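K.L.:
Any chance you can model this:
(one chain, ligands or ions: 2)
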Amino acid sequence: MKKAFVYGVAVEGENFTDRIEETRRLKRDFENGQNVVLISPRRMGKTSLVRRVISQVDTNKIAVVHLDIYDCRTEYEFYNKLATAVLKQVSKKGELMLRNIKEFLTRLTPRVSFGIDPANEMSVSLGIAPEDYSPEEILQLPEKMAHKIGKHIVICIDEFQQIGNFPDSIDVQKRIRGVWQLQEEVSYCLYGSKKHMLTNLFQNKRMPFYQFGDIRFLQPIALDDWIPFIRGKFEESGLLISDEQITRICETVEYQSSYVQQLAWNVMLCCDKVVDETAMEEALDDLIGQSSILFLQQTEGLSSYQMNFLKALVAGETGDFTSAAILKKYHLGTKSNISRLTDTLIKKELIEKTGRTITIADPVFRLWMQREHND
Ligand SMILES: Nc1ncnc2c1ncn2[C@@H]1O[C@H](COP(=O)(O)OP(=O)(O)O)[C@@H](O)[C@H]1O
Ligand SMILES: [Mg+2]
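P.N.:
Numbers count the residues shown, from 1 in each chain. Ligands and ions are numbered 1, 2, ... in the order given. Purely as a prediction, here's the structure:
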């Protein structure tokens with residue numbers, strides 16, 4: 001059976017729903033050269049949305065470069081990845097690539113290898129080092145390329161918060177921003193899922209990237225869009241699901257796109273013509289089971305105070321965690337523990353803080369905790 005629902009990877013075409021407004025807006029930003037910062041929890045649909053927009057822009061006017069910097073550890077690793085992505089996008093063919101490197105990066109001796117068959121991507125290792133090029137020179141490359149090809153270039157960088165982890169990060173950010181903000185033919189779409197890091201990079205007045213672009217928090221896909229999407233897929237397979245059941249699927253996983261598709265797929269596998277309660281329950285059990293290894297890993301190294309804090313949240317506590325009653329009830333230690341506990345759990349992405357409200361970040365993790373740790 002072809003998978004009716006797709007989750008865990010970026011989706012497109014018939015697996016992509018809604019996002020009409022977001023697509024239109026981001027497309028307009030690309031066309032207008034507006035810098036944007038896109039933030040959402042993981043698996044909400046950033047990569048899919050950006051790809052959707054990329055597939056819709058007028059390639060006669062705009063060239064879109066896309067890179068993911070999750071694995072970049074240093075400033076120059078980032079520059080190498082950036083320059084490679086830009087060169088690949090504007091060159092397409094290997095020959096042109098070599099010419100472009102010769103023209104724009106004369107001081108390099110890059111390694112370029114071509115796939116055996118033409119469908120195979122060429123692999124390029126530029127090997128840019130501080131001795132060859134200053135950061136500013138490399139950062140100018142996209143603007144130069146834009147002039148050369150006579151098109152605006154939009155550079156999309158996934159997991160952008162990674163630059164916050166580079167050595168001398170603040171200086172690096174200053175250099176990058178200094179060049180980027182003067183570019184006329186290049187704009188940036190920066191995104192990622194580490195909300196606390198990204199908001200710190202872009203919303204903190206003391207940080208170099210403060211007010212660099214328009215910050216957008218990608219919202220969940222609405223129920224009105226999920227209902228026809230999910231119902232349609234069930235109908236295509238000759239199955240019947242009610243609007244109420246679809247609503248429950250969405251609410252159970254708090255509208256996290258990937259989980260909605262995963263749970264809907266589980267329901268489909270568990271049901272027989274018409275979705276009933278048994279199928280709904282089994283599907284949820286399966287979802288929790290499928291995630292449990294990950295959750296075990298995530299909680300393995302936690303201290304008992306940290307676990308107790310999570311338990312308090314799962315139990316529905318929202319009040320003042322420094323109050324004597326709550327400290328005692330959940331064995332959270334002393335009052336002074338609390339801010340350290342929350343900081344660590346936020347860094348581990350297990351909890352989230354919006355204003356003064358603290359919540360469990362992952363809805364399925366919450367359900368798993370309820371089952372496994374309800375002592
Ligand atoms: N527009 C969409 N319509 C339907 N499902 C979506 C959509 N966007 C994302 N998803 C679901 O979320 C999953 C993760 O999407 P992805 O774009 O990789 O998220 P992110 O980049 O935010 O981590 C997809 O595999 C799919 O199941
Ligand atoms: Mg992504």
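
K.L.:
tell me, how many neighbours does the residue of the stretch 51-200 of the chain found nearest ligand 1 end up with?
P.N.:
Closest to ligand 1 within the stretch 51-200 of the chain is Ser193: 5.9 Å, counting by Cβ to the nearest ligand atom. Where C-beta positions appear, they are placed from N, C-alpha and C, glycine not excepted. Residues lying near Ser193 (other Cβ atoms under 10 Å) number 20.

K.L.:
got the phi/psi numbers for it?
P.N.:
Ser193 adopts backbone torsions of phi -110, psi 0, taken as degrees, to the nearest 10.

K.L.:
How about the contacts made by it?
P.N.:
With contact taken as Cβ atoms under 8 Å, 6 or more residues apart in numbering, Ser193 is in contact with 39-44, 46, 159.

K.L.:
now with 10 Å?
P.N.:
By Cβ atoms under 10 Å, 6 or more residues apart in numbering, Ser193 lies in contact with 38-44, 46-47, 158-159, 161, 218, 349.

K.L.:
Out of the residues you listed, which is nearest to Thr84?
P.N.:
Thr84 has its nearest neighbour among the contacts of Ser193 in Asp158, at 15.0 Å by Cβ to Cβ.

K.L.:
how far does stretch 11-22 stretch from start to finish?
P.N.:
Length of stretch 11-22, first residue to last, Cα to Cα, to the nearest Å: 15 Å.

K.L.:
Any chance you could list what contacts that stretch?
P.N.:
With Cβ under 10 Å, 6+ apart as the test, stretch 11-22 has contacts from 3-7, 9-10, 23, 25-26, 38, 45-49, 51-53, 55, 216, 218-222, 224-226, 228-230, 232-233, 236, 257-258, 260-261.

K.L.:
Just the buried ones from those?
P.N.:
Taking 16 or more other Cβ atoms under 10 Å as the criterion, what is buried in the contacts of stretch 11-22 is 4-7, 10, 23, 25-26, 38, 45-49, 51-53, 216, 218, 220-221, 226, 229-230, 233, 257-258, 260-261.

K.L.:
So which of those residues reach ligand 1?
P.N.:
Among the buried ones among the contacts of stretch 11-22, the residues lying close to ligand 1 (Cβ under 6 Å from any ligand atom) are 6-7, 10, 45-48, 221, 257-258, 261.

K.L.:
Can you add pLDDT and secondary structure and give those back as TSV?
P.N.:
Shown next, in TSV, are these (pLDDT from 0 to 100; DSSP: H, G, I helix; E, B strand; the rest coil):
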residue	pLDDT	secondary structure
Val6	90	coil
Tyr7	91	coil
Ala10	87	coil
Gly45	94	coil
Lys46	95	helix
Thr47	93	helix
Ser48	93	helix
Ile221	95	coil
Ser257	96	helix
Ser258	95	helix
Gln261	96	helix
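
K.L.:
Which of the contacts of stretch 11-22 fall in strands?
P.N.:
Among those, DSSP state E puts 38, 216 in strands.

K.L.:
that older thread, next one: the residue of the stretch 51-200 of the chain closest to ligand 1 from Arg366, what distance?
P.N.:
18 Å (Cβ to Cβ, to the nearest Å).

K.L.:
Then Val50?
P.N.:
Distance from Val50 to Arg366, by Cβ to Cβ: 28 Å.

K.L.:
Please work out which residue of this protein is closest to ligand 1.
P.N.:
Taking Cβ to the nearest ligand atom as the measure, the point where the chain comes nearest ligand 1 is Gly45, at 2.7 Å.

K.L.:
Quick check: nearest residue in space to Tyr259, chain neighbours excluded?
P.N.:
Excluding its sequence neighbours, the residue lying closest to Tyr259 (Cβ to Cβ, 6 or more residues apart in numbering) is Val253, at 3.6 Å.

K.L.:
can you pull the contacts of the one you found?
P.N.:
Listed by Cβ under 10 Å, 6+ apart, the contact set of Val253 reads 220, 259-264, 284, 287, 362-364, 366-367.

K.L.:
Tabulate these in a markdown table, adding columns for distance to Gly33.
P.N.:
Shown next, in a markdown table, are these (distance: Cβ to Cβ, whole Å):
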| residue | distance to Gly33 |
| --- | --- |
| Pro220 | 29 |
| Tyr259 | 35 |
| Val260 | 34 |
| Gln261 | 34 |
| Gln262 | 37 |
| Leu263 | 40 |
| Ala264 | 38 |
| Leu284 | 46 |
| Leu287 | 42 |
| Asp362 | 36 |
| Pro363 | 37 |
| Val364 | 39 |
| Arg366 | 41 |
| Leu367 | 44 |
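
K.L.:
Looking at strand pairing, list the partners for Ile351.
P.N.:
Ile360 (DSSP bridges).

K.L.:
My guess is it contacts Ile358. True?
P.N.:
Yes. Using Cβ atoms under 10 Å, Ile351 is in contact with Ile358, at 5.6 Å.

K.L.:
Common neighbours of the two, please.
P.N.:
Residues touching both Ile351 and Ile358 (Cβ under 10 Å, 6+ apart): 309, 313, 342, 345.

K.L.:
count of residues packed around Gly13?
P.N.:
By other Cβ under 10 Å, the residues close to Gly13 number 8.

K.L.:
brain fart, Thr357
P.N.:
8.

K.L.:
same question, Ile338
P.N.:
With other Cβ under 10 Å as criterion, Ile338 counts 20.

K.L.:
quick revisit: could you dump the contacts of Ser193 to a markdown table with distance to Gln245?
P.N.:
As requested, the contacts of Ser193 are exported to a markdown table (distance: Cβ to Cβ, whole Å):
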| residue | distance to Gln245 |
| --- | --- |
| Leu38 | 31 |
| Ile39 | 31 |
| Ser40 | 26 |
| Pro41 | 24 |
| Arg42 | 26 |
| Arg43 | 22 |
| Met44 | 22 |
| Lys46 | 28 |
| Thr47 | 28 |
| Asp158 | 34 |
| Glu159 | 35 |
| Gln161 | 37 |
| Leu218 | 26 |
| Glu349 | 30 |
